[in-house]
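>>> Here you go, sequence then predicted model.
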Amino acid sequence: MLSYDCRGHGGSDRGGTDYTTELFAADLAGLLDRIGWDRAVVAGCSMGGCVAQDFAASNPHRTDGLVLVDTTAWYGPTAPLDWAGRAAKAREQGLAALVDFQVTRWFGAEFAAGEPELVAALTKTFLANDLDSYAATCRMLGAADLRERVAAVRVPAAVVVGEDDAATPVPMAEDLAERLGGAPLTVLPESRHLTPLERPTEIAAVIQELVANV
């Protein structure tokens, strides 16, 4: 298994100004080249799911399977303004001004109350973001429209979403599954936007089942 930080995130280079899902997908292809992997089952959550969709569309010969978690092919007609507003608030008030909003979207209140160390670690990671990179990522997600590209993807796929995910709600996941040729959709009850952390056992089971059948 391989996990990595996208450009502008985590330990990768900061300060980006022009990001696209195509660029991030090309980065993943280059990383696979670097480590000598010709093919892979690709899984992504939230923004990572958008990158995974673009990778599968651009590299069908390298994609053995696709698992998309709490993500969407399109954030909707108001997405450019919505994401621009989030970036503007971060610049004007600092990323700390977004923390309460983020945490309530990441997790339900009961889970967050029971996992204070996890919430604190994620908050620390979020606050460590570079503002230029954060703003570039917001622009990328606001502009992303993968609906036509993902409709051409025909690899074994699975879609998962939290029942109470307000960031990429169930109807977005249903649309994504339909565009993937009727891929199986798992809706996890009483879960929000970061189900890989809130419901890791169920997410692992979906991935393992898909891997076993490719």
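Ah, there it is.

>>> Any buried residues in stretch 11-20, and which?
R14, G16, Y19 (16 or more other C-beta atoms under 10 Å). Heads up, the C-betas are built off the backbone N, CA and C, glycines and all.

>>> Using TSV, please lay out those together with distance to A113 and pLDDT.
Below are the buried residues of stretch 11-20 laid out as TSV (distance: C-beta to C-beta, whole Å; pLDDT from 0 to 100):
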residue	distance to A113	pLDDT
R14	33	81
G16	35	74
Y19	34	96
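
>>> Tabulate the residues you listed in CSV, adding columns for distance to L131 and secondary structure.
Putting the buried residues of stretch 11-20 into CSV (distance: C-beta to C-beta, whole Å; DSSP: H, G, I helix; E, B strand; the rest coil) gives the following:
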residue, distance to L131, secondary structure
R14, 9, coil
G16, 11, coil
Y19, 14, coil
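
>>> any chance of the residues you listed in CSV, with distance to P60 too?
As requested, the buried residues of stretch 11-20 are exported to CSV (distance: C-beta to C-beta, whole Å):
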residue, distance to P60
R14, 32
G16, 27
Y19, 23
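
>>> G114: which of the residues you listed is nearest?
R14 (32.8 Å; C-beta to C-beta).

>>> and the closest one, what does it touch?
R14 is in contact with G8, D130, D132, S133, counting by C-beta atoms under 8 Å, 6 or more residues apart in numbering.

>>> who wins for neighbours among those residues?
Sorting the contacts of R14 by how many neighbours each has (other C-beta atoms under 10 Å) puts G8 first, at 22 neighbours.

>>> ok, back up a step: just checking, which of the contacts of R14 belong to strands?
In strands, defined here by DSSP state E, there are no members of the contacts of R14.

>>> between the residues you listed, which is closest to G65?
Nearest to G65 out of the contacts of R14 is G8 (C-beta to C-beta; 26.7 Å).

>>> Setting the sequence-adjacent residues aside, check what's closest to that closest one.
Take G8 and drop its neighbours on the chain: the residue closest to it by C-beta to C-beta, 6 or more residues apart in numbering is S133, 3.2 Å away.
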